[in-house]
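Novice: Make a model of this:
(2 chains)
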Amino acid sequence: MNNSVGNTGRVLWAGLRALLVLTVICGVLYPLAVTGIAQVAFPGKANGSEIKDGSGKVVGSELVGQTYLAGDKPDRKWFQPRPSNGLGANSVNTRYKLILSGATNRSGDNEDLIAWVKDAKAAVVKDNSVKGYTVEPSDVPADAVTSSGSGLDPHISPEYAKIQIHRVAERNHLTVAQVDKLVADHTDDRILGFIGEPRVNVLRLNLALRALTERQ
Amino acid sequence: MSPVLAGVLQLLALIVALGLSYRPLGDHMAKVYSSEKHLRPEKWIYQAIGANPSVEMRWPAYLRGVLAFSAVSVLFLYLLQRVQGSLPGSLGFVSIDPDQAFNTAASFVANTNWQSYYGEQAMGHVVQTGGLAVQNFVSAAVGIAVAVALVRGFARSRTGELGNFWADLVRGTVRILLPISVIGALVLVACGAIQNFSGIHEVGQFTGGSQQWNGGAVASQEVIKELGTNGGGYFNANSSHPFENPNGLSNLFEIYLILVIPFALTRTFGRMVGSLRQGYAILGTMAAIWVGFTALMMWTEFAHNGPAFDLAGGAMEGKETRFGIGGSSLFAVATTLTSTGAVNSFHSSYTGFGGGITMLGMQLGEIAPGGVGSGLYGMLIMAIIAVFIAGLMVGRTPEYLGKKIGTREIKFAALYILITPALVLCFTAASFVLDTPQHSMTNSGAHGFSEILYAYTSGANNNGSAFAGLNADTQWFNTTIGIAMLLGRFLPMVFVLALAGSLAEQTPVPETAGTLRTEKPLFTGLLVGTILIITGLTYFPALALGPLAEGLAA
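Specialist: So this is what the prediction gives:
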């Protein structure tokens, strides 16, 4: 009995020492080494791919979506991102207003989700229909009325950008052709032609839009 | 190019990439676990541990090593979270509550990485990097070690010795997981994943005001999270968060990382038992199920049946624009057919059948190709069941790889395959008999049932993904899922090692004309059938109440 207790103790002691050694290697040396190399080789990316506007002010990250609101309504001057109903409020450490990423986790037959999609579709049709251009419900792509997994999707589909062009042109006193070209310039195709999906980065597009209106 | 074609091409690209790494990685791993030499840094580590890496262990000693190391790990990780509030480098986050700290510690040590906490508002640098990420490495190394011990059981005769646990643990970490992680982390940073130790900072916004982010060693954790089939996200949104998975290329790379070791281990197995073709038969079984599931998933997600998706014109709820349906389906199948559980899109918002496919993938026992190590030993257990069934059909004593599958062996195999279904179904049933657990559901009806069935399926099979509408941060779920994760990880390991010990003691039986040829396609077919029938019979009633009901109604 004593022998087996002693044995168990010895193995546990070895286990603890193994854990501590491996913690130093995998939990201290490894992340520090990777951080060191990353900070030297890719400083911009390792720190969040921040984007600056013309005046050098940081206006966000290329990778993280934002809202473009006037009050609590979408500011129709700017291209609008996808809905983000899954984005949460910080409830655990309320001393911070950290962005809490997340999805709605609603199923396809969930009443809330059906209502959100219905409302979003009606709003997209209404907001983007301007004089001489009517958006049909069948023109509205799925990404325009659904929330992404992170709630921070920085992109919209080229189809969603397309139905916003007339509205944005009207609001910014630009021609449709000008905005059309802007969208075309900011549409990224699939990587190597087949990886991922075609997409438009909303922040980059809006920055270019602002630059264009300021030039005019 | 249509999205469907792009999805198929991404699948083909994955197959090519996995095919290219199969031989070099599989052979490298076989060498790692067969070599007599110890590298110099490894010798220092053994000195620090106080273990002699050259001593052979029989199965009880090997098991003691596994359990002692894991027990110490649970305790250490639990304490680290409990004192987080007083640690420097914790971004000012408070200590984690006891039930959640237990759940998280069990989760990461059991290679599950179920998360009932929100990464970005609960865990600081020290716990994430020095606690959680370390378990991503070592829990994976433990999984491979146990699989290798079982392979040695087949390969060795008249001994009972299975190798040295400390040597296997250290070698797996130092020679396999670490080098790939260093390169992989830098690839991810090059794509845009963040890697820093900055605190919480305000970043300006386009229309004024600011966003508040926390920095972190994300890329270095992301890579081992996928490579070690762990799955615990740095951020709440896991691999759908742009800082974890910035673009289509990083997405494909992460899916590759999930699958590369589990598939290549079949080569390691073939090498170590002295017949590469035996490894190919196992590989064929895994690959057939993986490709089949991926095809089914793409079909149902592109078809997008379900009231809300019909209305929206596509199943994009919970999916990112940059990945689309194709990149999301590929990820969802890879993560649930392995013990990963990372997500780049939220399974709860998949179509009814799509959610069912993710659940069924886990219920197969995560063996196609499965978690690192656990996939291989799970599949070998199924192979033993398959030869047993074949033996019953022809009235012959079943053999596998020259070892007799007698009463003792088949008992261990049977116990192995009974553990997880028992945990899943009993805890799910208990949650519905009790009053309060159901208050945690976000969705109602069939999908609400699926939320709880998914939670225990994920926990007991050490996956870690979720139908995340379920509020799992309650004492009931934290405790019972914690227990399911520990029992679902370590009881199977007990039986695997006992089985390995018993196999290693045997004298091999010579091959005769009557021996079932387990390296032939016929056996692969038999094995696929056995897996699907056993899982189907076990889980069909539960699946019928959840995802099947939802899918058929849509």
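
Novice: which residue is nearest the centroid of the chain?
Specialist: All of this is about chain A. A:D153 (2.4 Å; C-alpha atoms, centre = their mean).

Novice: Hmm, no, I was thinking of chain B.
Specialist: Compute the mean C-alpha point of chain B, and by C-alpha atoms, centre = their mean the closest residue is B:S339, 1.3 Å away.

Novice: Ramachandran coordinates for that residue?
Specialist: B:S339 has phi and psi values of phi -90, psi 30 when expressed as degrees, to the nearest 10.

Novice: Local confidence estimate at residue 34?
Specialist: No chain was given, so I picked chain A. pLDDT recorded at A:V34 is 98.

Novice: that's the wrong chain, I meant chain B
Specialist: Looking at B:S34, its pLDDT is 97.

Novice: quick one: the residue nearest to the centre of chain B and B:N463 touch, right?
Specialist: Yes. Between B:S339 and B:N463 there is a contact under C-beta atoms under 8 Å: 5.6 Å. C-beta here means a position set from N, CA and C on the backbone, and glycine is covered the same way.

Novice: what do those two both touch?
Specialist: Residues touching both B:S339 and B:N463 by C-beta atoms under 8 Å, 6 or more residues apart in numbering or on different chains: B:T112, B:G231, B:E366.

Novice: wait, which of those is closest to B:T129?
Specialist: Nearest to B:T129 among those: B:G231, at 16.9 Å, using C-beta to C-beta.

Novice: Excluding covalently adjacent residues, which one is nearest to that closest one?
Specialist: B:G341 (3.3 Å; C-beta to C-beta, 6 or more residues apart in numbering or on different chains).

Novice: and that neighbour, how many neighbours?
Specialist: Neighbourhood size, B:G341 [other C-beta atoms under 10 Å in any protein chain shown]: 33.

Novice: Does it touch B:S465 like I think?
Specialist: Yes. Taking contacts as C-beta under 8 Å, B:G341 lies within contact range of B:S465: 3.9 Å.

Novice: what touches both of those two?
Specialist: The contact lists of B:G341 and B:S465 share B:G231, B:T335, B:S458, where a contact means C-beta under 8 Å, 6+ apart.

Novice: between these, which is nearest B:L401?
Specialist: Of all the shared contacts of B:G341 and B:S465, B:T335 has the smallest distance to B:L401: 30.4 Å, by C-beta to C-beta.

Novice: Against chain A, how distant is the closest residue to that closest one other than its chain neighbours?
Specialist: The shortest distance from B:T335 to any residue other than its chain neighbours is 5.4 Å, reached at B:A342 (C-beta to C-beta, 6+ apart). Here B:A342 is placed at a distance of 12 Å from chain A (C-beta to the nearest C-beta, to the nearest Å).

Novice: How about the secondary structure of the nearest residue to B:L177 once chain neighbours are set aside?
Specialist: Among residues not flanking B:L177 along the chain, B:F137 sits closest, at 5.4 Å (C-beta to C-beta, 6+ apart). Counting by DSSP: H, G, I helix; E, B strand; the rest coil, the backbone at B:F137 sits in helix.

Novice: Can you give me the pLDDT of the residue nearest to the centre of chain A?
Specialist: Looking at A:D153, its pLDDT is 97.

Novice: Check the one 4 residues further on too.
Specialist: Looking at A:S157, its pLDDT stands at 98.

Novice: Let me see the backbone angles for it.
Specialist: Dihedral angles (degrees, to the nearest 10) for A:S157: phi -80, psi 150.

Novice: In contact with it, which residues?
Specialist: By C-beta under 8 Å, 6+ apart, A:S157 lies in contact with A:P141, A:D143, A:A144, A:E197, A:P198, A:R199, A:V200, B:T321.
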